[in-house]
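In: Coordinates for the following, if possible.
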Amino acid sequence: IIQHDLEMLAGAELPWSRLAGKSIMVTGGGGFLASYLVKTLLVADNIHDLGLSVICVTRSELGVQQRLKGFLDVPELALVNHDVSLQLPEDFPAADFIIHSASQASPKFYGTDPVGTLKVNSVGTMHLLEHAVKHGSDGFLFFSSGEVYGQPTDDSQPITELDYGYMDPIQVRSCYAEGKRIGETMCAAWSH
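Out: Just a heads-up that it's a prediction; the model follows:
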């Protein structure tokens, strides 16, 4: 099923040629969405002969070993073990495109590691944005969350991107949503 999904995604009529010869960094590679993205990029590279290099950044080697099983020996894939909320080392690889999806997205972490949850979306985003500027990256994509919209004022109405509901910043659970909010603001500021 997964292989079929990957081939379907990679075979979609998208402007894949824009990625020809490019390097793409994906943070949070041990996570579900990021690992799926890494696999999709590698399959697209194979289908479209793009000459991609994919850099998968993770702080969980075990997660990557499990999630990217069957892709670990692909020569176009480089694994980097680093927590992006910590200062990036001097030899941290440059990339044409950075996709920042590293995050503690499970509510179980909001109470057990609120600081870590907040830092990856704020300090980690800052480190990666600075890295993108330093190396002249072509693009930066931040994986945000619907949590940034807070509690809607009217539960019967769908939330739009123009709606920002109430969020109590002193509730520990807000560490995730507030981290994503500041990450979005940082992306807008660095872009400006």
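In: Which neighbouring elements make contact with the lowest-mean-pLDDT helix or strand in the chain?
Out: Of the helices and strands making up the chain, the lowest-confidence element is helix 107-112, at a mean of 88, by mean pLDDT, DSSP states H and E. Judged by 3 or more Cβ pairs under 8 Å, 6 or more residues apart in numbering; DSSP states H and E, the packing partners of helix 107-112 are helix 114-121, helix 174-191. C-beta: built from backbone N, CA, C; applies to glycine.
In: ok, and what's touching the longest one?
Out: Read it as helix 174-191. 100, 103-105, 107, 109-110, 114-115, 117-122, 125-126, 129, 132-133, 140, 142, 144-145, 147-148, 150, 167-169 (Cβ atoms under 8 Å, 6 or more residues apart in numbering).
In: Can you get me the centre-to-centre distance for it and its chain?
Out: The chain centroid and the centroid of helix 174-191 are separated by 13 Å, computed with Cα atoms, centre = their mean, to the nearest Å.
In: what's the angle from it to helix 114-121?
Out: Helix 174-191 and helix 114-121 meet at an angle of 20 degrees, taking axes from the mean of the first three to the mean of the last three Cα atoms, to 10 degrees as the criterion.
In: all helices for the chain, in order.
Out: 2-10, 32-48, 61-67, 107-112, 114-121, 123-135, 174-191 (DSSP state H).
In: okay, these, which one's buried deepest?
Out: helix 114-121 (a mean of 22; mean count of other Cβ atoms under 10 Å).
In: gap between the two ends of stretch 55-67?
Out: Stretch 55-67 has an end-to-end distance of 15 Å (criterion: Cα to Cα, to the nearest Å).
In: my guess is V74 contacts V43, does it?
Out: No. Applying Cβ atoms under 8 Å, one finds V74 not in contact with V43, separated by 9.7 Å.
In: check contacts around the residue most central in space within the chain.
Out: The C-alpha lying nearest the average C-alpha coordinate of the chain belongs to S101 (Cα atoms, centre = their mean; 1.5 Å). In this structure, S101 makes contact with 26-28, 31, 33-34, 37, 143, judged by Cβ under 8 Å, 6+ apart.
In: Specify which member of those is nearest to L9.
Out: Taking Cβ to Cβ as the measure, L9 sits nearest to L37 out of the contacts of S101, at 9.3 Å.
In: isn't the closest one right up against V26?
Out: Yes. Counting by Cβ under 8 Å, L37 touches V26, with 5.6 Å between them.
In: Mutual contacts of the two, please.
Out: Taking Cβ under 8 Å, 6+ apart as the contact rule, the neighbours common to L37 and V26 are 99, 101.
In: Tell me, how many residues neighbour T27?
Out: One way to gauge burial is a neighbour count; for T27, by other Cβ atoms under 10 Å, it gives 29.
In: So it versus K39, what's the distance?
Out: For T27, the distance to K39 equals 15 Å [Cβ to Cβ, to the nearest Å].
In: Same check on N81?
Out: Taking Cβ to Cβ as the criterion, N81 is separated from K39 by 19 Å.
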